[in-house]
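Colleague: just need the structure, nothing else, for what follows:
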Amino acid sequence: MYSSLDTVWVLLCTALIFFMQAGFAMLETGFTRAKNAGNIIMKNLMDYCIGSILFWIIGFSLMYGESAGGLIGIPRIFTNGGYSGAGELPKRVFLMFATVFCSTATTIVSGAMAGRTKFKAYLIYSAVMSGLVYPISGHWIWNSEGWLKSIGFHDFAGGTAVHVVGGTAAFMGALLVGARIGKFDKKGKAKAIPGHNLTIGALGIFILWIGWFGFNGGSLLTAQGDAAAKLGDIFFNTNISAAACAVSTMFITWARYGKPDVTMTLNGALAGLVASTAGCDTVAPVSAFIIGLTAGFVLVFGIELITKLKIDDPVGAVSVHGLCGAWGSIMTGVFAKKSGLIYSGKPNDLLIQLIGVAVVMLWTALVMAVVFTVIKKTIGLRVSENTELTGLDKCEHGLSSSYADLLNSAQFITAASDSSSSARAIDESTELNAADYKADGKMHKVVVIMNVSKFEMLKNALDKLDITGMTVTQVSGCGIQKGNTELYRGSELESRLLPKIKVEIVISTVPLGLLIDTIKKVLYTGKIGDGKIFVYDVASVVKIRTGAQDEQALE
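Modeller: Here you go, the predicted model:
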């Protein structure tokens, strides 16, 4: 007979864990660029939707079905047949609970590959992760006959089963898709690419923090009898680990960077939640505090290590989930009451935890390497340079901006008309030869009115001409066409004043013709709205700080 209290409790926790999907979406959106916000939302939505379907069709049976040698559940479609791990819960209740865990593991990768991954490629990854990779390693850990479960591996709520799997997949995805354009300079030095909305990112962290009480608390699968006191321990350990990690991260970044880093401190709260997940049911509050405190070091130095390896992880998913998930799982072998290293004096638990983490990492890395490589060699894993610089919202989803009413933000993307110009202004197929141009010895001011979407391309092209000084202004306006018309939710949306940017450059040694042809080559699309170039003679330039004049003032 099923317990009504347990059923309601687990379903309530299921709803909290589902709400974490919103937290991940907000965190990833806020920590990345506005031009990719819609793409981030779509990936998080599809992670849950695709995961729900495939986990129901096949994943659940692979994970919790009758075991074949402790390695994999016997495949049975639509959850038919016996299953383990649900305690006294109805099958559909446990299926829903297990489904939201699956989507959590899958969506970790979204942020690590943000801003440059093809949407269709990501959907394939999401399907493989939900239907195969996560269920098989989860079978080892959580199925009553799983081989890691049988040797004593302890992972109460998914420190390894969810977060190490997701973090490792994120590492492989970020490695194989490559860094975002502009993340590393010619010498390999990392450049910051700030997220566009810190407030939304912080909201995501707080949503995740709330959801984690369901994530860890719900994993007890009961709320009756002695479990009530146990739930108090789990909630407290979860909370104190997150708080300790956030505080330690704040002070570590303060010491290393001179100021307490806001985004990494937010990451610290999430890393502490992840670190608590494996052993929150079996460690003392002081141990949970220590695990969270030390996870701050793992987080900060992990992020720095990932960057030094030239791997671009915009939201810190690899360090937060992969490394801190592993850390929490390993520390469970140290701090577990009675059997942990510091209580028993024996390394048995610690060795088992190390084996479990290593094997799951290896499994995930190998399968994801194959999956991402096959995608890369077939349909392609990464979008084109033009798509990346323009933004995935526009090119992958036909969404001119996720913030359509805020026209003055320089991150928002303008749409191009379908009406092409009658003649090409410059041949894009040929490279410009600097030797064909000569400077005239005069100073010139060049002003460009252009689409926001092309700015990164222009900046990269100007860098190659050794032009790094410029003034950029956000403006709104239109040409003689009075804006252009595009579709929003299937209806025409007419825009009068379009968001543009004005770029002002003063040159003296760079040939004017070379600069103009470079700008034309970068900005040309053949469609209305490519922009205009204005050229002015400059009588004199004075650098206020030094008093240098003319050419010397421009150096």
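Colleague: any idea how far D312 is from the spatially most central residue of the chain?
Modeller: Central residue of the chain (CA atoms, centre = their mean): G111, 1.0 Å from the mean position. Using CB to CB, to the nearest Å, G111 is found at 11 Å from D312. C-beta coordinates here come from the backbone N, C-alpha and C atoms, glycine included.
Colleague: before we move on, back to that, tell me the secondary structure for the residue nearest to the centre of the chain?
Modeller: What DSSP: H, G, I helix; E, B strand; the rest coil gives for G111 is helix.
Colleague: so what's the residue nearest to it when sequence neighbours are not counted up against?
Modeller: Nearest non-adjacent residue to G111, counting by CB to CB, 6 or more residues apart in numbering: V315, 3.5 Å away. Neighbouring residues of V315 by CB atoms under 8 Å, 6 or more residues apart in numbering: 27-28, 31-32, 111-112, 114, 267.
Colleague: could you redo the last one with a cut-off of 7 Å?
Modeller: 27-28, 31-32, 111-112, 114 (CB atoms under 7 Å, 6 or more residues apart in numbering).
Colleague: also F297?
Modeller: So F297 contacts 248, 252 (CB under 7 Å, 6+ apart).
Colleague: tell me which element it falls in.
Modeller: helix 285-308 (DSSP states H and E).
Colleague: using CSV, write out every CA atom in that helix.
Modeller: Extracted C-alpha coordinates of helix 285-308, given in CSV (Å, rounded to 0.1, in the frame of the first residue of the first chain):
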residue,chain,number,x,y,z
PRO,A,285,26.9,19.6,9.7
VAL,A,286,30.5,20.5,10.4
SER,A,287,31.6,18.2,7.7
ALA,A,288,29.1,19.7,5.2
PHE,A,289,30.5,23.1,6.1
ILE,A,290,34.1,22.0,5.5
ILE,A,291,33.1,20.3,2.2
GLY,A,292,31.4,23.6,1.0
LEU,A,293,34.3,25.7,2.3
THR,A,294,36.9,23.7,0.4
ALA,A,295,34.7,23.5,-2.7
GLY,A,296,35.3,27.2,-3.1
PHE,A,297,39.0,26.5,-3.8
VAL,A,298,38.1,23.7,-6.2
LEU,A,299,35.7,26.1,-8.0
VAL,A,300,38.1,29.1,-8.4
PHE,A,301,41.2,27.2,-9.3
GLY,A,302,39.2,24.8,-11.4
ILE,A,303,37.9,27.7,-13.5
GLU,A,304,41.4,29.1,-13.9
LEU,A,305,42.7,25.7,-14.9
ILE,A,306,40.0,25.2,-17.5
THR,A,307,40.8,28.6,-19.0
LYS,A,308,44.6,27.8,-19.1
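Colleague: could I get the contacts of V315 as CSV with pLDDT, secondary structure and distance to V446?
Modeller: Below are the contacts of V315 laid out as CSV (pLDDT from 0 to 100; DSSP: H, G, I helix; E, B strand; the rest coil; distance: CB to CB, whole Å):
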residue, pLDDT, secondary structure, distance to V446
L27, 97, helix, 40
E28, 97, helix, 38
F31, 96, coil, 35
T32, 95, coil, 32
G111, 96, helix, 38
A112, 97, helix, 39
A114, 97, coil, 34
